[in-house]
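Q: give the three-dimensional model of this entry:
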Amino acid sequence: MTLSQAAFGKTTLFGQTLLALGGAAFIALATQVSVPFFPVPMTLQTMAILIVGLGFGARLGTATLLTYLGYGAMGLPVFAGGMNGLAFAGPTAGFLFGFVLMAGLAGLAADRGWTRGVVPAAAVALGVSALLYVPGTVWPMALSQLAGIDAGWAGQEIGFYWTHFVAPFVIGDAVKSVLAALIVTGAWRALASRRG
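A: Presented below is the predicted three-dimensional model:
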């Protein structure tokens, strides 16, 4: 049982659609929140994605992220910096598509009951956050050129991607992973105490 199922019970297709639409809107809002952090400012985007994945499970979490990407594809300014679907051809496109995998894997762990305690939930969140760097860097390193994109960020040496796409975000992503785990496990405790 996932957190959303525990909170709302078994939902109809309409109810799941509402959860996906609401979850995608939640991610879009969190993405626009910028928190001063070292070495770069941090948005709450990946924290919101982890909360959705850990709280909704694999199927609904994945559907929510596809909905979020759909908002951007429709031209809505839901991505970082108020970007829309144009970001699908930009340097961070690999991260955008990786978000679907991120939510799906976090959700799979939630479906299996691995995320009810803070430590296992944090371990899952940290693990899937680390995996996000794979599509995030493979896109600008290689796939963007295959797609015919010729830009200064495409096809560089690996050190370029470590410096610009990974290193500045590692600490912030670790903090957001732990916060997401605390929020989701706190919600589980709140539900348990309300029923107890």
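Q: relative to residue 42, how far out is the nearest residue to residue 166 once chain neighbours are set aside?
A: Nearest residue to residue 166 in three dimensions, chain neighbours excluded: residue 133, at 5.4 Å (CB to CB, 6 or more residues apart in numbering). No exception for glycine: its C-beta is placed from N, CA and C like everyone else's. Distance of residue 133 to residue 42, given as CB to CB, to the nearest Å: 15 Å.
Q: could you give the number of residues near residue 61?
A: Using other CB atoms under 10 Å, residue 61 is surrounded by 32 other residues.
Q: thought it was touching residue 107?
A: Yes. Counting by CB atoms under 8 Å, residue 61 does reach residue 107; the two are 3.6 Å apart.
Q: find residues that contact each of these two.
A: Each of residue 53 lies in contact with both residue 61 and residue 107 under the rule CB atoms under 8 Å, 6 or more residues apart in numbering.
Q: got the confidence number for the closest residue to residue 74 other than its chain neighbours?
A: Spatial nearest neighbour of residue 74, excluding adjacent residues (CB to CB, 6+ apart): residue 85 at 7.2 Å. Here, the pLDDT recorded for residue 85 equals 94.
Q: same thing with residue 147?
A: pLDDT recorded at residue 147 is 78.
Q: any idea how far it is from residue 88?
A: To residue 88, residue 147 is 10 Å away according to CB to CB.
Q: which one of these two has more residues nearby?
A: Per other CB under 10 Å, whichever of residue 147 and residue 88 has more neighbours is residue 88, with 16 against 12.
Q: check contacts around the residue nearest the centre of the chain.
A: Of all residues in the chain, the one closest to the mean position by CA atoms, centre = their mean is residue 49, 3.1 Å from it. By CB under 8 Å, 6+ apart, residue 49 lies in contact with 27, 65, 99, 102, 103, 106.
Q: much appreciated, bye for now.
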